[in-house]
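K.L.:
here are the coordinates; sequence isn't available:
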């Protein structure tokens, strides 16, 4: 493997509070040096990246890669390539596959497919309960042994508070977080969008904000009770942000994520029954969007995760009630972060990198998120100013279900390296 | 005078202008007379093929549309979800495209999913008329309600209409709210809070919590059917209590400071949302609504087929029977 010298870029590495023009030298797939005017070793490939940002590769704690089960919508390989195109060098795959990723063999299968894909790294998340049925704990220990980095029942919230308590306790033995989709199913009442004026106008069943907040509150309390690490997925409401803020002030071991769609769109996007705006948790109000943005700014919400949820065209091409929840997100996340949060004045570029790389690595105990010498060279190079238009037909993901088609964004990924290997280069 | 056009479809009243709604009501006027003739047929839609595509049980709406179509001389086919290919898993679009391949001109669709009529309209060339989609809209019902109120009050401007009952799950309520407010009526809703949709006041309506307050305020009550499933789903404790607390009874109406007009889109649950003595009493215009339904639907069909409103009277000309 030839050494690579990325020269003259703005190197942002929140792990060492570095944000300045510098060169980054990669040798044998690892970061060899970061500094000014580095000399290129013999035979090195020198890439001038002046005017561009060089950062630790982005890490997404929440994606759905659909394999096994729905390979028509995505596979581990296509998902890992879409991730690389979005600047991600690692993603965590949720266990709602078919069959459910609830045992070591299933976890091992994901690891094997990811290794073969040679794109972004894929870390499996195992199920909390067998079959995600919310009854019996899955074998955390064996799944961690096979490569799982966290557990979650994903779209099936753990209804039993006892089971959630047990999961938080048990997960401590393995040092893994328990990730939870916060939703009280009885209160959500098979709703299909946020309960508010738009659902009233459209005549669609609404999911009140309280359906999320009740479970956020419960999970914060159970984390407090057990001392376990609860990770709250895709926070969408102002009330949830407040509950998490108060939990953190008390020192509870809680972390939380926000998705690009929840900081970029409101429930108005469902007008016209656009099934690409149907996701769970649903798009909320302007006040909720403002609270999510402020939560990311203040660090109450620790990370940005996409909840990348590919669906085959046919699945979304139907009545709103019957279409599945979910949007793809890997290839638009960085652009939305720069456009909505950096240009919007909520985050500096360095903070955005922190929320999308350094912090995700830290809270899920993953390698990466840093350009310190000796680290695996998981690196993204992007142009923070380049405007581009979202064209779903160009996605590397197998699916196209995005509400952002046609939207002009700023911030374009140019190069993604995983362990020093080029896994994506902009055409 | 510019002639407002309805466009290709009638999906709801939310996105229609005041002028378009007025146009439909005015066009319905000359069509009322057709149903009073011994030979109830005019040639306006002769040669047009219309499919009534009903994915949900309906008696009166489907029959009303069918009469409207037949009295305009259209050829009609009824497709009910039961026994059709819908049961075999064929989706809405494929069903409609297959029908369209048989060269139809219009589809009247009723469907349990909100937005289904719009979904269909965007995917087929035929005119689509929403015969009720989920909890979204039921535009022809609201139009016939408005025509019935206008018949009695001679205008809609300033008339106080209260929609009573399960507003949350009602497409009739939504269409009435849009239509009436656009035509200048004052609109209120009244019912148990557990059956009110989120942020209902943002639709520009007054909310009454007690039926007596609504009766005191209103000129017109439009009393919605209470679906019996609502009790099982826990929105209300019992039908008995509903009648006692929210039922429109003769005793309650007699305490009103002025006489009220009583509407009900049917089918009624007598002794639940409405007292029989009210339903069958002198202020009930419930059967007038049914009569007007045919005229309103004739107007909608005629206008969507490209008929010019100023010619509606003339369009009735040929085939004139022995009547007027």
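P.N.:
Sure, I can see it. This one's a predicted model, so the numbers in the text were calculated from it and none came from an experiment.
K.L.:
Excluding chain neighbours, what is closest to residue B:35?
P.N.:
Distances taken as C-beta to C-beta, 6 or more residues apart in numbering or on different chains place residue B:294 nearest to residue B:35, at 5.6 Å, with adjacent residues excluded. For every residue, glycine as well, the C-beta is placed using N, CA and C.
K.L.:
and the one you found, what is it in contact with?
P.N.:
Neighbouring residues of residue B:294 by C-beta atoms under 8 Å, 6 or more residues apart in numbering or on different chains: B:31, B:35, B:64, B:67, B:68, B:71.
K.L.:
any idea how far residue B:221 is from the third one?
P.N.:
What that stands for is residue B:64. Here the criterion is C-beta to C-beta, to the nearest Å. By it, residue B:64 lies 22 Å from residue B:221.
K.L.:
swap in the fourth one?
P.N.:
The spacing between residue B:67 and residue B:221, counted by C-beta to C-beta, is 27 Å.
K.L.:
Comparing the two, which shows the higher neighbour count?
P.N.:
Using other C-beta atoms under 10 Å in any protein chain shown as the criterion, residue B:67 and residue B:221 rank with residue B:221 on top: 28 against 17.
K.L.:
helix, strand or coil for that one?
P.N.:
Here residue B:221 is recorded as strand under DSSP: H, G, I helix; E, B strand; the rest coil.
K.L.:
That one against residue B:246, yeah?
P.N.:
No. With contact defined as C-beta atoms under 8 Å, residue B:221 does not reach residue B:246; the gap is 11.4 Å.
K.L.:
Now for these two: what residues contact both?
P.N.:
Residues touching both residue B:221 and residue B:246 (C-beta under 8 Å, 6+ apart) are residue B:164.
K.L.:
need the longest helix for chain B.
P.N.:
helix B:286-304 (DSSP state H).
K.L.:
Please tell me how far it is from the chain's geometric centre.
P.N.:
Here the centre of helix B:286-304 is set off from its chain's centre by 9 Å, with C-alpha atoms, centre = their mean, to the nearest Å.
K.L.:
Report the buried residues of it.
P.N.:
Counting neighbours by 16 or more other C-beta atoms under 10 Å in any protein chain shown, one finds that the buried residues in helix B:286-304 are B:286, B:288-304.
K.L.:
swap in stretch A:162-178?
P.N.:
For stretch A:162-178, the neighbour count (16+ other C-beta under 10 Å) marks A:163, A:164, A:165, A:166, A:167, A:168, A:170, A:171, A:176, A:177, A:178 as buried.
K.L.:
Show me which residues of chain B sit near chain A.
P.N.:
Residues of chain B lying close to chain A by C-beta under 8 Å from any C-beta of the partner chain are B:14, B:91-93, B:111-116, B:118-119, B:133-137, B:171, B:174, B:197-200, B:202-203.
K.L.:
6 Å instead, please
P.N.:
B:113, B:114, B:115, B:116, B:119, B:134, B:135, B:136, B:197, B:198, B:199, B:202 (C-beta under 6 Å from any C-beta of the partner chain).
K.L.:
What sits closest to the fifth one if chain neighbours are left out?
P.N.:
Sequence neighbours aside, residue A:319 is the residue nearest to residue B:119 in space, at 5.8 Å (criterion: C-beta to C-beta, 6+ apart).
K.L.:
Surely the one you found and residue B:114 touch.
P.N.:
No. Residue A:319 is beyond contact range of residue B:114, at 8.1 Å (criterion: C-beta atoms under 6 Å).
K.L.:
Those two - which one has more neighbours?
P.N.:
Legend: neighbour count by other C-beta under 10 Å for residue A:319 and residue B:114, higher for residue B:114 (26 against 23).
K.L.:
Looks like that one contacts residue A:206 (just checking).
P.N.:
No. With contact defined as C-beta under 6 Å, residue B:114 does not reach residue A:206; the gap is 11.5 Å.
K.L.:
so where's the stretch 151-300 of chain B uncertain?
P.N.:
The stretch 151-300 of chain B contains no residues with pLDDT under 70.
K.L.:
Strands of the stretch 1-150 of chain A, residue ranges please.
P.N.:
Ranges of strands within the stretch 1-150 of chain A are A:4-13, A:18-27, A:30-35, A:45-48, A:53-56, A:58-63, A:88-93, A:121-126, A:150-152, based on DSSP state E, counting those that start in this stretch.
K.L.:
Which residue ranges of the stretch 51-200 of chain B form helices?
P.N.:
B:60-71, B:92-101, B:116-121, B:139-153, B:171-182 (DSSP state H, counting those that start in this stretch).
K.L.:
Return the residues of the stretch 251-400 of chain A in contact with chain B.
P.N.:
Applying C-beta under 6 Å from any C-beta, one finds that the stretch 251-400 of chain A approaches chain B through A:273, A:319, A:320, A:321.
K.L.:
if we go to 7 Å?
P.N.:
Counting by C-beta under 7 Å from any C-beta of the partner chain, the residues of the stretch 251-400 of chain A close to chain B are A:273, A:318, A:319, A:320, A:321, A:322.
K.L.:
mind listing which of those residues are in helices?
P.N.:
Judged by DSSP H, helices contain none of those.
K.L.:
Just the buried ones from those?
P.N.:
Buried members of those, scored by 16+ other C-beta under 10 Å, are A:273, A:318, A:319, A:320, A:321.
K.L.:
mind putting those in a markdown table, pLDDT and distance to residue A:387 included?
P.N.:
Below are those laid out as a markdown table (pLDDT from 0 to 100; distance: C-beta to C-beta, whole Å):
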| residue | pLDDT | distance to residue A:387 |
| --- | --- | --- |
| A:273 | 97 | 30 |
| A:318 | 89 | 34 |
| A:319 | 91 | 36 |
| A:320 | 95 | 32 |
| A:321 | 94 | 37 |
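K.L.:
Nearest to residue A:65 among these?
P.N.:
The closest of these to residue A:65 turns out to be residue A:318 (C-beta to C-beta; 23.2 Å).
K.L.:
got the contact list for the closest one?
P.N.:
residue B:91 (C-beta atoms under 7 Å, 6 or more residues apart in numbering or on different chains).
K.L.:
Could you give the backbone dihedrals for it?
P.N.:
phi -160, psi -180 (degrees, to the nearest 10).
K.L.:
Distance check, it against residue A:335.
P.N.:
Taking C-beta to C-beta, one finds residue A:318 at 29 Å from residue A:335.
K.L.:
Now do the residue nearest the centre of chain B, the pLDDT please.
P.N.:
Most central in chain B under C-alpha atoms, centre = their mean is residue B:141, positioned 0.5 Å from the mean C-alpha point. pLDDT for residue B:141: 98.
K.L.:
I figured it hits residue B:175, correct?
P.N.:
Yes. The pair formed by residue B:141 and residue B:175 meets the contact definition of C-beta atoms under 7 Å, at 6.4 Å.
K.L.:
Which secondary structure state does residue A:369 sit in?
P.N.:
What three-state DSSP gives for residue A:369 is coil.
K.L.:
Contact partners for it?
P.N.:
Counting by C-beta under 7 Å, 6+ apart, residue A:369 has contacts A:15, A:56, A:59, A:357, A:358, A:360, A:361, A:362.
K.L.:
Of these, which is the nearest to chain B?
P.N.:
Proximity of the contacts of residue A:369 to chain B (C-beta to the nearest C-beta) peaks at residue A:360, which lies at 34.5 Å.
K.L.:
residues making contact with the one helix or strand that closest one maps to?
P.N.:
Element membership for residue A:360 (DSSP states H and E) is helix A:359-363. The contact list for helix A:359-363 (C-beta under 7 Å, 6+ apart) reads A:59, A:61, A:177, A:231, A:255, A:302, A:303, A:367, A:368, A:369.
K.L.:
All the strands of chain B, residue numbers only.
P.N.:
Along chain B, counting by DSSP state E, strands occupy B:49-54, B:75-80, B:106-111, B:127-133, B:160-164, B:186-190, B:206-208, B:220-223, B:261-263.
K.L.:
Phi and psi next, for the residue in the stretch 301-427 of chain A that chain B sits nearest to.
P.N.:
Residue nearest to chain B within the stretch 301-427 of chain A: residue A:319 (3.8 Å; C-beta to the nearest C-beta). Phi and psi for residue A:319, reported as degrees, to the nearest 10, are phi -60, psi 150.
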